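Visitor: Turn this into a model:
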Amino acid sequence: MLWFSSVPFFVCTLTWSVSGHLIKPSEEQKPINYTGYSLLQFKTHASSNSISKIQKFNVQVNEKTNSVRLLIEIWAKPSFQNPYALVLVAPEFIDKFKSLLTCSETETLKEIERNIQSKIDEEQTAMFRDSIGRQKRSLSTWYDFEVSEYHSYDQMRDFLTLLSEQIPDTVELVQVSTSFEGRIVYGVKIHPLVSPPNKSSIVVDAGVHAREWIAPAVALYLIKTIVLQYGETSNVTDNLNKFDWYIIPQVNPDGYEYSRTQDRLWRKTRSFNSTVSKHCFGSDGNRNWGYRWGEVGATRDPCSYLYQGSHPYSEPEIAGLKQFLTEQVSNPIVYASLHSYGQIFLAPWGHTNNKTANHDDLIDAVSEAVAAINATTGSVYIYGTISEMMYPSAGSSIDFMQHRGVPYVYGIELPPTNEVNNFAFNLPPNRIKETGDEILAALHAIADHAVKVKNL
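Guide: Numbering: from 1, shown residues only. Presented below is the predicted three-dimensional model:
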């Protein structure tokens, strides 16, 4: 059974608001359908007035039915490195969207995908086939867990639990936080049987943005591969002997499950505050951190997919993750937050165009990382700071961890690239292994660089 079906659109009392995929939960709620939504690309520049105009017309709120319909969402903003914008547009909003562009922008307008629902349907059909096969397999050992599939959060939790129970000398289950809807956010600490006190750490988290399914899938792949290869391959063995690895594969389980069952393109958490908005749910977990919160690249509008939250750490998932990273992780040397998409390594800062004091060393390390990826699979990743490669954004975990003094901090935008005819957020599961191998090679390269530079 597919999870997506059509949602009726009622024309009643309407108001405009800023973007997000927003639906008030109810027992009768139907999954969101994106039939007729087009993915469009046009050439512009980082300070384009058109982008500002577009952001004012992103969702339509129906007060009478207490429902919301997405009209337009910017998937990729122009940057100093990339002059192209990528936008998802509802069929009834195409003409209005075109009227917001300049003549030169209109001339470069290109249709990347005519019906985004077709990608979603293909993905759901494949997942249904996988689920049938999974029902025939029993997860009696951690080894049985198939990392080349997209899993539910319960399946992720069961794998982590089984792993910690069956090889407790190497894997420790850690509780990071509790989500708004009451799900416990778990991670693992991977370490040798004997580790010295105050050992340096590598931290990887994923799943902050719900629709970016490849990120938690890669994190799970890293966990299983590190455990399997310890004592078998030199890179894994050497770096696990030098570093404890903390991997948190799904930071935002509420949003993730909502993206699996209701809205495949949902980005935020699922928190609800009736005093802020009766229509709009969730916050952007990567705008909710306290350092430079609310300064740039976020919004106070709760209906925006970039909503920063009512206050720093308003989201329990982010508050818990911050507490875990600052109180439970010893001596973090490398921090990587997995996202999608674009094949980009993003160094701090995000809140400013200024460079960090350790910028040259950050770039040296990441240049070795992308070289390691290319040597592993032939894939090409690019790198730079958040503000120069994408757009200014404050309140991120990257800027927070940099401010905390962690030497090597990166946001990693996983495949695909921003080129035309890609899968965007619907990367097929047969790409999980390749992407996981790439990120593991990159993290080994950064760790090796840290050992040399920091004399670890």
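Visitor: Ala206 is in contact with Pro216, isn't it?
Guide: Yes. Counting by CB atoms under 8 Å, Ala206 does reach Pro216; the two are 4.7 Å apart. (Each C-beta comes from the backbone N, C-alpha and C, glycine too.)
Visitor: So which of those two has more stuff around it?
Guide: Legend: neighbour count by other CB atoms under 10 Å for Ala206 and Pro216, higher for Ala206 (30 against 26).
Visitor: ok, that one to Ile412 distance?
Guide: 9 Å (CB to CB, to the nearest Å).
Visitor: Which neighbours do those two have in common?
Guide: Each of 337-339 lies in contact with both Ala206 and Ile412 under the rule CB atoms under 8 Å, 6 or more residues apart in numbering.
Visitor: can these go into a markdown table with extra columns for neighbour count?
Guide: Formatted as a markdown table, those follow (neighbours: other CB atoms under 10 Å):
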| residue | neighbour count |
| --- | --- |
| Ser337 | 23 |
| Leu338 | 29 |
| His339 | 19 |
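Visitor: Go through the residues you listed and flag which are in helices.
Guide: Counting by DSSP state H, these place none of their members in helices.
Visitor: Return the subset of the residues you listed lying in strands.
Guide: 337-339 (DSSP state E).
Visitor: can you give me the strands for the stretch 101-250 of the chain?
Guide: Taking DSSP state E, counting those that start in this stretch to define them, one finds strands in the stretch 101-250 of the chain at 110-113, 171-178, 184-190, 201-206, 244-248.
Visitor: As a markdown table, the ones you listed with mean pLDDT would be great.
Guide: Below are the strands of the stretch 101-250 of the chain laid out as a markdown table (pLDDT from 0 to 100):
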| stretch | mean pLDDT |
| --- | --- |
| strand 110-113 | 91 |
| strand 171-178 | 98 |
| strand 184-190 | 99 |
| strand 201-206 | 99 |
| strand 244-248 | 98 |
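Visitor: quick one: which of the ones you listed is nearest Ser259?
Guide: The closest of the strands of the stretch 101-250 of the chain to Ser259 is strand 201-206. By CB to CB, the value is 13.8 Å.
Visitor: Now do stretch 254-268, average pLDDT.
Guide: Average pLDDT, stretch 254-268: 97.
Visitor: Stretch 283-295 now?
Guide: 95.
Visitor: repeat for stretch 153-164
Guide: Mean predicted confidence for stretch 153-164 is 97.
Visitor: Can you point out the buried residues in it?
Guide: If you call a residue buried by 16 or more other CB atoms under 10 Å, then stretch 153-164 has these buried ones: 153, 155-157, 159-160, 162-164.
Visitor: which helix is the longest one in this structure?
Guide: Max-length helix for the chain by DSSP H is helix 432-454.
Visitor: and the nearest residue to Gly282 once chain neighbours are set aside, helix, strand or coil?
Guide: Counting by CB to CB, 6 or more residues apart in numbering, Lys268 is the residue found nearest to Gly282 once chain neighbours are left out, at 3.2 Å. Three-state call for Lys268 (DSSP: H, G, I helix; E, B strand; the rest coil): coil.
Visitor: how close does Lys268 get to Ser200?
Guide: Note on Lys268: its distance to Ser200, by CB to CB, is 33 Å.
Visitor: Comparing these two, which residue is more hemmed in?
Guide: Applying other CB under 10 Å to Lys268 and Ser200 shows that Lys268 carries more neighbours, namely 32 against 19.
Visitor: tell me the contacts of the more buried one?
Guide: Residues in contact with Lys268 (CB under 8 Å, 6+ apart) are 20, 209-210, 255, 281-285, 305, 307.
Visitor: low-confidence ranges in the chain?
Guide: In the predicted model, the chain carries pLDDT under 70 at residues 1-28, 65-66, 132-138, 275-277, 419-422.
Visitor: List the contacts of the residue nearest the centre of it.
Guide: The residue lying closest to the centre of the chain (CA atoms, centre = their mean) is His339, at 3.3 Å. With contacts defined as CB under 8 Å, 6+ apart, His339 is in contact with 206, 208-209, 212, 215, 286, 411-414.
Visitor: would you list those residues in JSON lines and tack on distance to Leu39?
Guide: Output for the contacts of His339, formatted as JSON lines (distance: CB to CB, whole Å):
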{"residue": "Ala206", "distance to Leu39": "24"}
{"residue": "Val208", "distance to Leu39": "23"}
{"residue": "His209", "distance to Leu39": "18"}
{"residue": "Glu212", "distance to Leu39": "16"}
{"residue": "Ala215", "distance to Leu39": "20"}
{"residue": "Asn286", "distance to Leu39": "22"}
{"residue": "Gly411", "distance to Leu39": "23"}
{"residue": "Ile412", "distance to Leu39": "23"}
{"residue": "Glu413", "distance to Leu39": "17"}
{"residue": "Leu414", "distance to Leu39": "18"}
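Visitor: Out of these, which is nearest to Ile190?
Guide: Nearest to Ile190 among the contacts of His339: Ala206, at 15.0 Å, using CB to CB.
Visitor: Let me see the ranges of the strands in the stretch 251-400 of the chain.
Guide: Counting by DSSP E, counting those that start in this stretch, the strands of the stretch 251-400 of the chain are 332-340, 344-347, 382-385.
Visitor: my guess is Lys98 contacts Leu109, does it?
Guide: Yes. Assessed by CB under 8 Å, Lys98 is found in contact with Leu109 at 7.3 Å.
Visitor: List the contacts of stretch 317-332.
Guide: Stretch 317-332 is contacted from outside by 174, 176-180, 185, 187, 197-203, 205, 244, 246, 248, 251-254, 269, 285, 288-290, 309, 313, 335, 397, 400-401, 404, 406, using CB under 8 Å, 6+ apart.
Visitor: Tell me how this structure divides into domains.
Guide: What the record gives for the chain is the domain set 14-121, 138-454, from automatic domain parsing.
Visitor: So what's the gap between the longest one and the chain middle?
Guide: Between the centre of domain 138-454 and the centre of its host chain there is 7 Å, according to CA atoms, centre = their mean, to the nearest Å.
Visitor: Stretch 446-456 now?
Guide: The answer for stretch 446-456 is 27 Å, by CA atoms, centre = their mean.
Visitor: neighbouring contacts of that stretch?
Guide: 200, 202, 239, 242-243, 333-334, 336, 361, 364-366, 368-369, 407-408, 410.
Visitor: circling back: tell me which of the ones in strands among the shared contacts of Ala206 and Ile412 is nearest to Tyr391?
Guide: His339 (13.6 Å).
Visitor: For Gly282, see how far away the closest one is.
Guide: With distances taken as CB to CB, His339 is found 17 Å from Gly282.
Visitor: Likewise for Leu193?
Guide: Shown here: Leu193 relative to Gly282, a distance of 41 Å by CB to CB.
Visitor: Looking at the two, which has the bigger crowd around it?
Guide: Higher neighbour count among Leu193 and Gly282: Gly282, with 28 against 6, using other CB under 10 Å.
Visitor: No more questions from me, cheers.
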